[in-house]
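# 3D, please:
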Amino acid sequence: MFGRIYEYFLMKFSMQGAGAQEGGEFFTPPSLVQLIVNFIEPDHGIIHDPACGSGGMFVQTGYFVKTHTNKGINEAITCYGTEQKTNNTKLAKINLAIHGIEGKIIEANSFYSDPHNLAGKCDFVMANPPFNVNKVDKGKDFVKTDPRLPFGLPKADNANYLWMQYFYSYLNDTGRAGFVMASSATDAGHSEKLIRQQLIETGAVECIVSIANNFFYTRSLPCHLWFYNRAKEKPQNSKAKSSSKSNSPVHDQNTILMLDARNTYRKVTTTINDFDDDQLEGLSAIIKMYRGEDPKVRKDNVWFKERFPDSRYQDIEGLCKIVTRTEVEENDWSLTPGRYVGVVSTLDEDFDYQARLMEIQAELDELNAEAVDLSETISNNLRELI
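Predicted structure coming up:
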């Protein structure tokens, strides 16, 4: 009970505290934490959050362990967190202590250090990293040689694709990851698209979920949840089709579950949305059906029964679709669910267009610089020929 009370005051503190929105950082809404936990099911082994804030991901994992295993929390899992800000580090340590969770939380900058040395060792990774962080010093020796960046440094001044590689690299061969990411990342171009393509080609990208506006308490913005699963089976047939033409889903390295939940939410206030219990259970059941598992949904869950009356997966226009890697490649390696599930994107007044325009401007500057270099090379070659 005391733990729940502390969580409430921690949430209020995080919402009102200075720097709550600096560098794209936001207190993670409980609904999103719960959905991430439900999707990756962290019930054993090493749990890592390299941008742990006040430790909310660990606390929710503790609840999951209590309700889904016969083991004690500290018998089932070992928690490791990294947090850059001193106050948040202290809050995380207190938060874990109050909930009886043993964990090692280190104050450090994840861009320039890897204090836990967990690459390739984690069973589960969960995070809500700061969105669209710029001015990361990519000239530092640590960054240039960081083994957590197997697909290379993105040229854009944006750290989103640094985080996404960290999460992949921390996982062991059967590990799962779930994290919050800016909506722009699913379609980011140029060097980021090349990294995204390589991530997709590993077969580890399992699911992308579009989230509506107003889930965050301090700012209205949409986002996506990304999920990796290193344990996805190798495809038996590289030309496997999506489940819309089959009675059963194909869960392997050749497919990705696209889930558009922008129209799935409960309106709490005029400015706050979340998921109700039926929606959380129903969304979580979709990925279990994609994996070929029993969805285990309550009989009175109307949201789920209206969409999946036979408790079997099916592509539903506007909600979900299993897509093949070929389909993603044909869509320029986009991972935006709305492109696949049949919903046409419309102008969204709450979308952070300024941040997206800044990203586009950075990409344009980069292209212009490359054009200048290319022009000089051509001129020099011509002079040598003459």
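
# tell me which element Asn74 is part of?
According to DSSP states H and E, Asn74 maps onto helix 73-76.

# immediately after that helix, which helix or strand?
Taking DSSP H and E, what comes next after helix 73-76 is strand 77-83.

# what is the burial count for the residue nearest to Glu83 when sequence neighbours are not counted?
Among residues not flanking Glu83 along the chain, Thr89 sits closest, at 4.6 Å (CB to CB, 6 or more residues apart in numbering). (Each C-beta comes from the backbone N, C-alpha and C, glycine too.) Neighbour count of Thr89, defined by other CB atoms under 10 Å: 21.

# doesn't Leu225 fall inside a strand?
Yes. Counting by DSSP: H, G, I helix; E, B strand; the rest coil, Leu225 is found in a strand.

# quick check: bridge partners of the closest residue to it other than its chain neighbours?
Counting by CB to CB, 6+ apart, Leu225 lies nearest to Val209, which is 4.2 Å off, once chain neighbours are set aside. Counting by DSSP bridges, Val209 is bridged to Leu225, Leu259.

# how far away is Val209 from Glu102?
31 Å (CB to CB, to the nearest Å).

# repeat that for Gly53.
19 Å.

# which of the two has more neighbours?
Gly53 (26 against 11).

# now that one: how far from Tyr170?
17 Å.

# cool, Ile360 as well?
30 Å.

# out of those two, which sits in the more crowded spot?
Applying other CB under 10 Å to Ile360 and Tyr170 shows that Tyr170 carries more neighbours, namely 27 against 15.

# just the pLDDT for the closest residue to Pro29 other than its chain neighbours.
Ranked by CB to CB, 6+ apart and with sequence neighbours excluded, the top spatial neighbour of Pro29 is Phe215, at 4.8 Å. Listed pLDDT for Phe215 reads 85.

# how about the contacts made by Phe215?
Pro29, Ser31, Leu32, Cys223, Tyr265, Ile272, Asn273, Asp274 (CB atoms under 8 Å, 6 or more residues apart in numbering).

# now, of these, which are buried?
Buried subset of the contacts of Phe215 (neighbour count, 16 or more other CB atoms under 10 Å): Pro29, Ser31, Leu32, Cys223, Tyr265, Asn273, Asp274.

# for the closest residue to the second one other than its chain neighbours, list each beta-bridge partner.
Once flanking residues are discounted, Ser31 sits nearest to Asp274: 4.0 Å by CB to CB, 6+ apart. Beta bridges link Asp274 to Arg266 when assigned by DSSP bridges.

# now swap in Gly103 and tell me
Cys79.

# for the residue lying closest to Cys223 once chain neighbours are set aside, grab phi and psi.
Using CB to CB, 6+ apart and skipping the chain neighbours, the partner closest in space to Cys223 is Ile211 (5.1 Å). Dihedral pair for Ile211: phi -110, psi 140, per degrees, to the nearest 10.

# and Ala182, by the same measure?
Taking degrees, to the nearest 10 as the convention, Ala182 sits at phi -60, psi 140.

# now the strands for the stretch 1-150 of the chain?
In the stretch 1-150 of the chain, the strands defined using DSSP state E, counting those that start in this stretch lie at 45-49, 77-83, 103-107, 122-127.

# quick one: low-confidence ranges for the stretch 151-300 of the chain?
218-220, 236-248 (pLDDT under 70).

# circling back: export the strands of the stretch 1-150 of the chain to a markdown table and append columns for mean neighbour count and distance to Thr377.
Putting those into a markdown table (neighbours: other CB atoms under 10 Å; distance: least, CB to CB, whole Å) gives the following:
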| stretch | mean neighbour count | distance to Thr377 |
| --- | --- | --- |
| strand 45-49 | 24 | 44 |
| strand 77-83 | 24 | 42 |
| strand 103-107 | 19 | 46 |
| strand 122-127 | 26 | 41 |
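
# now distance to Tyr166 and mean pLDDT too, for those, in JSON lines please.
Output for these, formatted as JSON lines (distance: least, CB to CB, whole Å; pLDDT from 0 to 100):
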{"stretch": "strand 45-49", "distance to Tyr166": "10", "mean pLDDT": "98"}
{"stretch": "strand 77-83", "distance to Tyr166": "10", "mean pLDDT": "97"}
{"stretch": "strand 103-107", "distance to Tyr166": "15", "mean pLDDT": "97"}
{"stretch": "strand 122-127", "distance to Tyr166": "8", "mean pLDDT": "98"}
